[in-house]
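[1] fold the stuff below for me.
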Amino acid sequence: MGTLAKPSKVFWLVGILALLWNLIGVAMFIGQVTMSPATLAALPADQQDLYARMPGWINGCYAVAVFGGALGAVALLLKKRIAMALFLLSAIGAVLQFLGVFAFTDALRVFGASSVVMPVFIILVCIGLWLYARRCAARGWIG
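    Numbers count the residues shown, from 1 in each chain. I've put the predicted structure just below:
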């Protein structure tokens with residue numbers, strides 16, 4: 001394997017922001033799956049029911065999305081080509097997670113139409129990071 005090209009300063013900024021973004025996602029995932037009974041009981045009844053009926057595979061997709069993204073960001077910062085696959089896995093996990101949330105639960109009714117905005121943004125960020133990693137590979141910044 002040859003020498004990698006020197007990445008731009010934007011590369012490092014994107015990598016650090018991607019890592020921070022995905023670590024926030026990891027923290028939110030952990031907070032959701034380890035929610036105490038007292039915290040759950042403090043939620044409105046319809047939200048309690050939503051969490052109680054959430055299919056386990058949706059949380060699995062959530063884990064793939066956030067941990068895949070965090071590992072993808074680390075790989076990007078380490079200039080490893082596997083970042084592309086990890087970011088793609090993260091995007092697929094996010095798409096499946098949110099499709100599941102809105103297709104198999106009452107989330108839209110419980111949280112309203114505006115609840116779709118953040119999931120769409122998250123999916124776009126995931127896809128953007130995957131495309132960015134592909135561009136970095138094409139420029140010889142990761143290998």
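
[2] buried residues, stretch 102-111. List them.
    Thr105, Ala107, Phe111 (16 or more other C-beta atoms under 10 Å). Where you see a C-beta, it was placed from the backbone N, CA and C, and this is true even at glycine.

[3] now swap in stretch 117-126 and tell me
    Across stretch 117-126, burial judged by 16+ other C-beta under 10 Å covers Pro119, Ile122, Ile123, Val125, Cys126.

[4] what's the neighbour count on the spatially closest residue to Tyr51 that is not a sequence neighbour?
    Once flanking residues are discounted, Tyr51 sits nearest to Leu40: 6.2 Å by C-beta to C-beta, 6 or more residues apart in numbering. Neighbour count for Leu40, taken as other C-beta atoms under 10 Å: 12.

[5] swap in Lys79?
    18.

[6] now it: how far from Leu4?
    6 Å (C-beta to C-beta, to the nearest Å).

[7] what helix or strand does Arg109 sit in?
    Using DSSP states H and E, Arg109 falls within helix 107-111.

[8] what does Leu4 give?
    Applying DSSP H and E, one finds Leu4 in no helix or strand.

[9] could you measure from Ala5 over to Ile142?
    10 Å.

[10] the more surrounded of the two?
    Ile142 (25 against 13).

[11] just say helix, strand or coil for that one.
    coil (DSSP: H, G, I helix; E, B strand; the rest coil).

[12] ok, it to Leu99 distance?
    In terms of C-beta to C-beta, Ile142 sits 30 Å off from Leu99.

[13] which other helices and strands contact the helix holding Arg109?
    helix 45-53 (3 or more C-beta pairs under 8 Å, 6 or more residues apart in numbering; DSSP states H and E).

[14] out of the buried residues of stretch 102-111, which one sits closest to Asn59?
    Thr105 (11.7 Å; C-beta to C-beta).
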